[in-house]
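Asks: here are the coordinates; sequence isn't available:
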């Protein structure tokens, strides 16, 4: 299951993780993506996650459910998730097929997603002396 | 075109395989029609005027067009080929459609000509009933085929004009206007049919992407009515916009549309609707964090 090159990357940016999917993932790769990401949230003590799906021109029901699940899991592990970069065609196809991202917030692109996280994540008060 | 040619093709064999007599009859018939051309044409024009057809045309045009139609008609009877007539009919339609000539008028005048010519044949052959029968056997299929061709050409030309107009309306129909940074307006005017609704979606989602919009105000003040599928389409478009990180505000729902939407039970709970465009813009500015204030300090809008 963990064989082959990784088709996604998870980068750390301050208190956030930026996870980009580079190409269409099959189901086992999606599961791997989910496991890696949820693990990294804990190990990096991330407060927010941006999942960038701009490279995808199709999102099937399993993929959108996985994204929704990641959102829920991340929330349980203390991070807010934002999905960014859903293409117009993909967005409409998802709605047509009755899929949505549940409670997970969506934003236009990475920049927007980070801004969205900033508004959601109230930074812990800096220790003053 | 091919779709309409089939009936005429099925008519064709009846006059394509005439008996020996019929082969001689048709030229005889054509010669008769040529000989009495002026009289028959005038009779025809008289009948057209009696029935108040083609009133959009002047007397001169009427003479010119009827002469042409008559000659074409006889030619088709003679040669059995409708190609020239088709061409002429399309050309004629192009000229007369903009002047408001209706389908029933065009079909009407061709049928009148058919009747006028048939009458003259009755007159000529009234003494020999069996000969008359054979003449009509040769004449009728060709005449019907001509009527068919003219009507089809006219309707086709009309459809072409309508398609052309639809295309130009479509091009003009859904502008996406950026009004402030990250704020778009889509004013929609006119009937929203399926095709336009689809186009609206494409424009809206594409506009969100290119303008990096966060808020979109869709103003449907100018839309008289929507049906269920269009309403559902609208709801889906709003959902899709949300997936792209933009919120959509619908403004200007007319009482009729509001009633329709509630009656047919479209789920509007997720739709953000505001009475008019002004209110929608104010709400959008609030969402984006703009605060509009007057210079004299008398408060905002």
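Replies: All right, it came through fine. This is a predicted model, so every value here is computed, not measured. Numbers count the residues shown, from 1 in each chain, chains lettered A, B, ... in the order given.
Asks: what pLDDT, on average, does the helix or strand residue B:153 falls within get?
Replies: For residue B:153, the host element (DSSP states H and E) is helix B:129-173. Mean pLDDT, helix B:129-173: 84.
Asks: other SSEs contacting it?
Replies: helix B:2-16, helix B:20-35, helix B:59-79, helix B:83-96, helix B:103-125, helix B:194-211 (3 or more Cβ pairs under 8 Å, 6 or more residues apart in numbering or on different chains; DSSP states H and E). In this view, the C-beta of every residue, glycine as well, is placed from N, C-alpha and C.
Asks: need those helices in CSV (columns: mean neighbour count).
Replies: Shown next, in CSV, are the helices and strands packed on helix B:129-173 (neighbours: other Cβ atoms under 10 Å in any protein chain shown):
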stretch, mean neighbour count
helix B:2-16, 12
helix B:20-35, 15
helix B:59-79, 17
helix B:83-96, 17
helix B:103-125, 17
helix B:194-211, 18
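Asks: can these go into CSV with extra columns for mean pLDDT and distance to chain A?
Replies: Output for the helices and strands packed on helix B:129-173, formatted as CSV (pLDDT from 0 to 100; distance: least, Cβ to the nearest Cβ, whole Å):
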stretch, mean pLDDT, distance to chain A
helix B:2-16, 43, 32
helix B:20-35, 76, 61
helix B:59-79, 83, 51
helix B:83-96, 83, 40
helix B:103-125, 86, 39
helix B:194-211, 89, 3
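Asks: nearest to residue A:14, of these?
Replies: Checking those against residue A:14 by Cβ to Cβ gives helix B:194-211 as the closest, at 26.6 Å.
Asks: parallel or antiparallel, list what pairs with the very next helix or strand once past that closest one.
Replies: Moving toward the C-terminus from helix B:194-211, the next helix or strand (DSSP H and E) is strand B:215-222. Within its sheet, strand B:215-222 is paired with strand B:183-189 (parallel), strand B:247-251 (parallel), according to DSSP bridges.
Asks: any stretches of chain A with poor pLDDT?
Replies: Residue ranges of chain A with pLDDT under 70: A:1-3, A:122-129.
Asks: from the centroid of it, which residue is nearest?
Replies: Centroid-nearest residue in chain A: residue A:51, 2.7 Å away (criterion: Cα atoms, centre = their mean).
Asks: quick one, phi psi at that residue?
Replies: Here is the backbone geometry of residue A:51 (degrees, to the nearest 10): phi -110, psi 120.
Asks: just residue A:16 next, same as before
Replies: Main-chain torsions, residue A:16, degrees, to the nearest 10: phi -110, psi 160.
Asks: and it, how far from chain B?
Replies: 16 Å (Cβ to the nearest Cβ, to the nearest Å).
Asks: residue A:29 - that's part of a helix, no?
Replies: Yes: per DSSP: H, G, I helix; E, B strand; the rest coil, residue A:29 lies within a helix segment.
Asks: residue A:56 contacts residue A:91, correct?
Replies: No: between residue A:56 and residue A:91 there is no contact, the gap being 11.3 Å when judged by Cβ atoms under 8 Å.
Asks: and chain B, what are its domains?
Replies: Here the domain assignment for chain B is B:2-167, B:177-288, based on automatic domain parsing.
Asks: do you know which of these lies nearest residue A:99?
Replies: By Cβ to Cβ (comparing all of the domains of chain B), the closest turns out to be domain B:177-288, at 9.5 Å.
Asks: residue contacts, the residue nearest to residue A:30 when sequence neighbours are not counted?
Replies: In this structure, residue A:30 finds its nearest non-sequential neighbour in residue A:66, 4.8 Å apart by Cβ to Cβ, 6 or more residues apart in numbering or on different chains. By Cβ atoms under 8 Å, 6 or more residues apart in numbering or on different chains, residue A:66 lies in contact with A:30-31, A:33-34.
Asks: same question for residue B:127.
Replies: By Cβ under 8 Å, 6+ apart, residue B:127 has no neighbours at all.
Asks: chain A against chain B: which residues are in contact?
Replies: A:84, A:86-92, A:94-96, A:100-101, A:106-109, A:112-113, A:116 (Cβ under 8 Å from any Cβ of the partner chain).
Asks: go through those and flag which are in helices.
Replies: Within the residues of chain A next to chain B, residues falling in helices by DSSP state H are A:88-92, A:94-96, A:112-113, A:116.
Asks: and the furthest pair within the residues you listed?
Replies: A:96 and A:116 (25.1 Å).
Asks: these two: who's more crowded?
Replies: Taking neighbours as other Cβ atoms under 10 Å in any protein chain shown, residue A:96 and residue A:116 compare with residue A:116 leading, 20 against 12.
Asks: what's the burial count for residue B:82?
Replies: Neighbour number of residue B:82 under other Cβ under 10 Å is 24.
Asks: what sits against it?
Replies: B:8, B:76, B:145-146, B:149.
Asks: check it and give its pLDDT.
Replies: Looking at residue B:82, its pLDDT is 79.
Asks: what do you get for residue B:260?
Replies: In this model, residue B:260 is scored at 82, pLDDT.
Asks: test my guess that it contacts residue B:229.
Replies: No: with contacts counted by Cβ under 8 Å, residue B:260 stays clear of residue B:229, the gap being 11.9 Å.
Asks: those two: which has the busier surroundings?
Replies: Shown here are residue B:260 and residue B:229; by other Cβ under 10 Å, residue B:260 has more neighbours (18 against 12).
Asks: ok, that one - contacts?
Replies: By Cβ under 8 Å, 6+ apart, residue B:260 lies in contact with B:225-227, B:231.
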